[in-house]
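K.L.:
Next comes the sequence, and after it the predicted model I'd like to discuss.
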Amino acid sequence: MSSDKKMMLIEASIDLFYKQGFWKSSTASIAKNAKVATGTLFNYFSSKEQLIDAVYLHIKSELLEELRSSYAQVEDQQQVKLVIENLWCRYVQWGVSNHVKHDLLQQLKLSDLVSDSAQQTGMQSFSDLFQLMQQWLASGELKPLDIEYFAELFQVQLEAAINIAKRHNLQDMALNKHMLFSFEVFWDGVKDNSD
């Protein structure tokens, strides 16, 4: 079986799910949008639910690769602020330049359409990022926050930064300024000021 066709089906699903919603996007319309025969979809996905899981995991995987490349760029991983800032900016850039995938991922997170198994797989794929967060919290540079609280705070403020950037169509220097400002707001809230 061709992985190209499978990817075409996933990309067509992303497009249609975003434009029409999950329920209005039939498997026939997804196959048509992918330019494959209607029955071809079921060679790769046994059900629409399995396709939704595949879309969710594909977007999560793409985002994860982007984030991994961002913190791999920082030579000194002990520079907590620099690592987090680099990660922050890459995430915002990804969300702005991939707004369809970003928005769809947010919808899927809030829906009950993604199976428990796919959610578990998605969480496990981010385990190295959680380990990194634990290292940051253990560094002494951050307030003594629970890792779940820190992760939620990080995610919520990132989403706010992305949403504002998209709403105002920020680009180039304006986007860079916004990313750095939004990061400083986040950093001021989590850095440990006690001496």
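P.N.:
Structure received. Numbers count the residues shown, from 1 in each chain.
K.L.:
Residues touching stretch 16-34, excluding its own?
P.N.:
With contact meaning C-beta atoms under 8 Å, 6 or more residues apart in numbering, stretch 16-34 is reached by 5, 8-9, 11-13, 15, 37-42, 48, 51-52, 55, 100, 103-104, 107, 111, 113. Quick note: C-beta positions are derived from backbone N, CA and C, even for glycine.
K.L.:
In the chain, where's the longest helix?
P.N.:
Taking DSSP state H as the criterion, the chain has its longest helix at helix 48-72.
K.L.:
chain center to that helix: distance?
P.N.:
Relative to the chain's own centre, helix 48-72 is displaced by 7 Å; criterion: C-alpha atoms, centre = their mean, to the nearest Å.
K.L.:
Okay, buried residues for it please.
P.N.:
48, 51-60, 63, 66-68, 70-71 (16 or more other C-beta atoms under 10 Å).
K.L.:
quick revisit: the contacts of stretch 16-34 in strands, which ones?
P.N.:
Residues of the contacts of stretch 16-34 located in strands (DSSP state E): none.
K.L.:
Now list the buried members of the residues you listed.
P.N.:
Listed as buried from these are 5, 8-9, 11-13, 15, 40-41, 48, 51-52, 55, 104, 113; burial here means 16+ other C-beta under 10 Å.
K.L.:
Looking at those residues, which is nearest residue 144?
P.N.:
residue 104 (35.5 Å; C-beta to C-beta).
K.L.:
Not counting its neighbours along the chain, what's nearest the closest one?
P.N.:
Nearest in space to residue 104, with sequence neighbours left out and distances taken as C-beta to C-beta, 6 or more residues apart in numbering, is residue 18 at 5.2 Å.
K.L.:
do residue 164 as well
P.N.:
Here the residue nearest residue 164, using C-beta to C-beta, 6+ apart, is residue 178, at 6.9 Å.
K.L.:
What are the buried residues along the helix or strand harbouring the one you found?
P.N.:
With secondary structure defined by DSSP states H and E, residue 178 is part of helix 172-190. Residues of helix 172-190 classed as buried by neighbour count (16+ other C-beta under 10 Å): 175, 178-179, 182-183, 186-187, 190.
K.L.:
farthest-separated two in these?
P.N.:
Largest separation among those by C-beta to C-beta: 175 and 190, giving 22.6 Å.
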